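[1] Could you look at this predicted model? Sequence included:
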Amino acid sequence: MKIIDLRSDTVTLPTQEMLRAIYDSDLGDDVYGEDPATNRLEEMAAERTGKEAALMVVSGTMGNLVSILTHCRRGEEVILGNKSHTFIYEAGGMSALGGIHPHTVVNQPDGTMLLEDIQLAIRSDNIHFPRTRLICLENTHNYCGGTVLPVQYMEETAALAQKNSLQVHLDGARIFNAAVALGVDVKELTRYVDSVSFCLSKGLSAPVGSVICGSSNFIEEARRNRKMLGGGMRQCGIIAAAGIIALEQMVERLNEDHANARRLAEGIAGIPYLSIDLDKVQTNIVYFNLKSEKITTGTLVRQLANDGIKISSSGTTRLRAVTHYGISTKDIDITLKALQKYMKEIYKQ
Ligand code: TLP
């Protein structure tokens, strides 16, 4: 039985081309700056995002942490969304390891923060307050449904930051999904931020890795912070080789994942006792709700798992399914059939 794993795009496996590139990769010690594939990947990533330099890191979490540690000193403050991945799911790294203070602003349902809320969160010069240093954005916004922050919003936030002498970091774990959904070059989204970290190991299917991009000075300092965290890798060309293929071959096809997510969402909209906000399904993430007193999300997740279909429960009524390279249109139709069958069975009893 084929497992249809819709829990996340992090479950993607490397393609044949990636495995071949890993096998063929020339290797060196990256702490000496001598790993050819890593150097090439970093050059490519910088070029793609329109930045001077780049640094490969182990994960999206490390990408955000290293970036924040590089922007801020102890006691300084970061403004970020209350539903951002960095605030909710990164183990409080900025406080635990950097003594950096998170100042949350409400994320709107579309993943943005209101500019007036950001403005209100910026501290005035007063000895009672921490100093505001950084604004963090997330595009696409995971918790808000894989929603896309438009180019104009990125521009307006950057203007606000500049007016207040602040830096902007973008958690662009899925920035290529955002660019593809908007039909723009990724540079149109990254040009407004001082640093961006994006993931190779989500929709782009590489087995490991993320990349931070920014100015040469920023990346030099980030390299030191990565080393401090124990993230200086040696023959990491085996990771970078797959990352190069990810950038070369896996970006354009993200449209297929978006189309499959749309198909899944529209199917769910027609199933009794499930509800979904179709406007929020803009990329490869599909959140939907169970409107039933008879079963819990946990029960539904377990029932689907019996049929080899994996989705995640995200709270008492909310469920998440994420499309990716390992999911075909046929898999979506099988999933919809299974959902329909379970919901019917439950309400027959
Ligand atoms: N997100 C994971 C889980 O941690 C929730 C997922 O399955 O979606 N930024 C964003 C926006 C993310 O969604 C994630 C991972 C990260 C950062 C962290 O990336 P990793 O897992 O590589 O540390």
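    Sure, I can see it. Numbering: from 1, shown residues only.

[2] any weak-confidence spans in the chain?
    Within the chain, the set of residues satisfying pLDDT under 70 comprises 349.

[3] Let me see the ranges of the helices in it.
    Here the chain has its helices, by DSSP state H, at 16-24, 36-49, 60-71, 85-89, 93-98, 115-121, 151-163, 175-182, 187-190, 216-228, 237-249, 254-269, 297-306, 329-348.

[4] would you turn these into a markdown table with distance to the ligand?
    Just so you know, the C-beta spots here come from the backbone N, C-alpha and C atoms, and that holds for glycine as well. Below are these laid out as a markdown table (distance: least, CB to the nearest ligand atom, whole Å):
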| stretch | distance to the ligand |
| --- | --- |
| helix 16-24 | 17 |
| helix 36-49 | 15 |
| helix 60-71 | 2 |
| helix 85-89 | 4 |
| helix 93-98 | 10 |
| helix 115-121 | 19 |
| helix 151-163 | 16 |
| helix 175-182 | 10 |
| helix 187-190 | 14 |
| helix 216-228 | 14 |
| helix 237-249 | 12 |
| helix 254-269 | 13 |
| helix 297-306 | 15 |
| helix 329-348 | 18 |
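
[5] mind checking which of those helices is nearest residue 105?
    Among the helices of the chain, the nearest to residue 105 by CB to CB is helix 115-121 (4.6 Å).

[6] Check the stretch 151-300 of the chain for the residue nearest the ligand and tell me.
    Residue nearest to the ligand within the stretch 151-300 of the chain (CB to the nearest ligand atom): residue 173, separated by 3.5 Å.

[7] my guess is that residue contacts residue 201, does it?
    No - if you go by CB atoms under 8 Å, residue 173 and residue 201 don't touch, sitting 9.4 Å apart.

[8] For those two, list the residues in contact with both.
    Residues touching both residue 173 and residue 201 (CB atoms under 8 Å, 6 or more residues apart in numbering): 60, 210.

[9] of those two, who's got more company?
    Neighbour totals were compared for residue 173 and residue 201, and residue 173 leads with 29 against 24 (other CB atoms under 10 Å).

[10] gap between the more buried one and residue 209?
    12 Å (CB to CB, to the nearest Å).

[11] check contacts around the residue of the stretch 151-300 of the chain closest to the ligand.
    With CB under 8 Å, 6+ apart, residue 173 has these contacts: 60, 85, 138, 142, 197, 198, 199, 202, 210.

[12] Could you dump the residues you listed into a markdown table and include neighbour count?
    Below are the contacts of residue 173 laid out as a markdown table (neighbours: other CB atoms under 10 Å):
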| residue | neighbour count |
| --- | --- |
| 60 | 25 |
| 85 | 19 |
| 138 | 30 |
| 142 | 24 |
| 197 | 31 |
| 198 | 30 |
| 199 | 27 |
| 202 | 24 |
| 210 | 27 |
